[in-house]
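Asker: I would like the atomic coordinates for the input below:
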Amino acid sequence: MTSKNLGRAALAALPFLVAFLVDLVLYLTVRDRLPDRMAVHFAVDGSADRYMSFTAYLLCTLPMLLVIGGLWAFVAVSGELRGRARARLAGGGFALAAFLGYLLIAIPLVNADAPEGGPADGFPLRHVAVAFGAGAAAWALGALLSRLVPVADEPGDGSPAGREHIALADGEVAGWVRGTGAWWAPLAVLVLLAAAAVAGRELSWFIGGPLAVLALAAGTFCRPHVTVDRRGLTVSGLLPRPRVRVPLERMEGADSRRVNAVAEYGGWGYRIRPGRSGVITRSGEAIVVSLAGGREFAVTVDDSATGSALLNTLLDRRRTGR
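Answerer: Sure, this is the predicted structure:
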């Protein structure tokens, strides 16, 4: 792991570690004032309806902060985040850690000096308001601190001259094709088909039918192909249609860089986000095309450097009329 990735991982995990340590100290501070059975869940009217020993509560809650912190750190280093994406990820982590950290310690605090049946006034809703306030303040702090973590170097400077190209002789024709996809995609299709069959037989085909159609649609794109040629960039599945094509006339240039499926695109599949869209099957290297109008289109694929370099060469040919 590079020093920059280590910095991003540390920043992502930091709020959860701090929440863990603060909660642990406060837990131990009020330990002697707690009943043998703490009220840990409350009904709508505020009355306690579920109980747990202090030790069991400790073992169930504190590790949760560490697990979420580890997952947040993994997301932070699995793609090259820049600008607002980094600020949103860091801010979201700080907000979640503060919100959960406060609520998890609020339970023992309201149980301090309470009888076995739980606190007389239940769980005051002001604690929820304080938790939201702590989350909002922590979000601002996380977004501010994210600016102190250096961004990983990009392969080019974003200008046409700084982008990679492939040398082609006059009149030489070239194309590039690569298969892409995640290993779990075919398994997900099989699970959907099995669920459709079970739902159709046991419940109704009004439920199973749409699931089967969804599975077949997903199956056509579970192992998509990415093509770069004189027509532009094309992403197609097992069938000729549907497909996604970005023609050369819409492009400003192309780069190869790592993307984060969750933090930058909100998940997997065909994604549309403010300022960007793409076919995202995993976190990792991708061809990222700058479009006229300031938007970006990305497709995750191996050997993206070759595909993006060929796109830049084809764009230069189109601009010069060769």
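Asker: mind listing the helices for the stretch 151-300 of the chain?
Answerer: 185-202, 205-220, 261-265 (DSSP state H, counting those that start in this stretch).
Asker: Look up how far Thr29 lies from the spatially most central residue of the chain.
Answerer: In the chain, the residue lying closest to the centroid (Cα atoms, centre = their mean) is Val262, at 1.7 Å. In this view, Val262 and Thr29 are 37 Å apart by Cβ to Cβ, to the nearest Å. C-betas here are computed from N, CA, C, even on glycine.
Asker: next one: Asp255
Answerer: Asp255 is 53 Å from Thr29, by Cβ to Cβ.
Asker: Of the two, which one has the most company?
Answerer: Higher neighbour count among Asp255 and Thr29: Asp255, with 25 against 13, using other Cβ atoms under 10 Å.
Asker: I'd say that one and Ser308 touch.
Answerer: Yes - checked against Cβ atoms under 8 Å, the pair Asp255 and Ser308 is within contact range at 5.6 Å.
Asker: count of residues packed around Tyr270?
Answerer: 15.
Asker: mind listing what the nearest residue to it once chain neighbours are set aside touches?
Answerer: Nearest non-adjacent residue to Tyr270, counting by Cβ to Cβ, 6 or more residues apart in numbering: Val279, 5.6 Å away. Neighbour list for Val279: 221, 224, 235, 244, 269-271, 298-300 [criterion: Cβ atoms under 8 Å, 6 or more residues apart in numbering].
Asker: What's opposite Val279 in the beta bridge?
Answerer: Tyr270, Val299 (DSSP bridges).
Asker: That one and Asn312: what is the separation?
Answerer: 20 Å.
Asker: ranges for the strands of the stretch 1-150 of the chain?
Answerer: 38-42, 48-52 (DSSP state E, counting those that start in this stretch).
Asker: just these: most buried one?
Answerer: Compared across the strands of the stretch 1-150 of the chain, strand 38-42 shows the largest average neighbour count, a mean of 19 (mean count of other Cβ atoms under 10 Å).
Asker: now for that strand, which elements pack on it?
Answerer: If contacts are counted by 3 or more Cβ pairs under 8 Å, 6 or more residues apart in numbering; DSSP states H and E, strand 38-42 sits against strand 48-52, helix 54-77, helix 83-111.
Asker: List of residues touching it?
Answerer: For strand 38-42, the surrounding residues in contact (Cβ under 8 Å, 6+ apart) are 48-54, 57, 107-108, 110-111, 114, 117-119, 122-123.
Asker: With stretch 138-145 instead?
Answerer: 11, 15, 87-88, 90-95, 97-99.
Asker: can you redo those residues as CSV with neighbour count?
Answerer: Below are the contacts of stretch 138-145 laid out as CSV (neighbours: other Cβ atoms under 10 Å):
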residue, neighbour count
Leu11, 22
Pro15, 29
Ala87, 18
Arg88, 17
Ala90, 29
Gly91, 23
Gly92, 20
Gly93, 27
Phe94, 30
Ala95, 22
Ala97, 28
Ala98, 26
Phe99, 21
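Asker: Out of those residues, which comes closest to Val191?
Answerer: Gly92 (29.2 Å; Cβ to Cβ).
Asker: Give the closest residue to that closest one in space, chain neighbours not counted.
Answerer: Trp139 (7.0 Å).
Asker: The spatially closest residue to Phe94 that is not a sequence neighbour and Ala90: what is the separation?
Answerer: Once flanking residues are discounted, Phe94 sits nearest to Gly142: 3.0 Å by Cβ to Cβ, 6+ apart. Relative to Ala90, Gly142 is positioned 4 Å away (Cβ to Cβ).
Asker: same check, this time on Met64
Answerer: Met64 is 20 Å from Ala90, by Cβ to Cβ.
Asker: try Ala97
Answerer: Taking Cβ to Cβ, one finds Ala97 at 11 Å from Ala90.
Asker: now swap in Trp205 and tell me
Answerer: Trp205 is 47 Å from Ala90, by Cβ to Cβ.
Asker: cool, and Ala106?
Answerer: According to Cβ to Cβ, Ala106 and Ala90 sit 25 Å apart.
Asker: what do you get for Arg31?
Answerer: The gap separating Arg31 from Ala90 is 33 Å, by Cβ to Cβ.
Asker: Redo the contacts of stretch 138-145 as CSV? Include pLDDT and distance to Ala169.
Answerer: Below are the contacts of stretch 138-145 laid out as CSV (pLDDT from 0 to 100; distance: Cβ to Cβ, whole Å):
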residue, pLDDT, distance to Ala169
Leu11, 81, 48
Pro15, 91, 56
Ala87, 65, 46
Arg88, 71, 46
Ala90, 76, 48
Gly91, 82, 51
Gly92, 85, 50
Gly93, 87, 51
Phe94, 91, 54
Ala95, 90, 55
Ala97, 92, 57
Ala98, 92, 60
Phe99, 93, 60
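Asker: Enumerate the beta-bridge partners assigned to Met251.
Answerer: Beta-bridge pairing for Met251 (DSSP bridges): Leu291.
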